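Student: sequence isn't available, so here's the structure alone:
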């Protein structure tokens, strides 16, 4: 399966990686590449837990245009 993730650097210099289609699925790493590897592990774990609990594996995400 493929998932979109967002990766950003926090105020402490750590890279935070989140998977928006899986609520609460977040990981981190000292480098962007490590955060990406770590979030892939987190995605696998989150999917396993959600399946075990009978929850939908993902939620709907969509792109929304906002005028600024």
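Tutor: Thanks, I have it. Keep in mind it's a predicted model, so treat the numbers as computed, not measured.

Student: quick one: the strands in the chain?
Tutor: Applying DSSP state E to the chain gives strands spanning 6-9, 15-18, 26-29.

Student: and the second one, average pLDDT?
Tutor: So the one you mean is strand 15-18. Mean pLDDT, computed over strand 15-18, is 98.

Student: what's next to it, contact-wise?
Tutor: Strand 15-18 is contacted by residues 5-10, 25-32, 34-36, 38-39, 42 when judged by Cβ atoms under 8 Å, 6 or more residues apart in numbering. Just so you know, the C-beta spots here come from the backbone N, C-alpha and C atoms, and that holds for glycine as well.

Student: same check on the first one?
Tutor: The set of residues that contact strand 6-9 without belonging to it, under Cβ under 8 Å, 6+ apart, is 15-18, 20, 32, 35-36, 39.

Student: now restrict these to buried residues only.
Tutor: The neighbour count (16 or more other Cβ atoms under 10 Å) marks 15-18, 35, 39 as buried among the contacts of strand 6-9.

Student: between these, which sits nearest residue 1?
Tutor: Residue 1 has its nearest neighbour among those in residue 39, at 13.3 Å by Cβ to Cβ.

Student: which pLDDT value goes with the closest one?
Tutor: 98.

Student: can you check the one 5 residues further on too?
Tutor: According to the prediction, residue 44 has pLDDT 98.

Student: from residue 3, how far out is it?
Tutor: According to Cβ to Cβ, to the nearest Å, residue 44 stands 10 Å off from residue 3.

Student: understood, closing this out.
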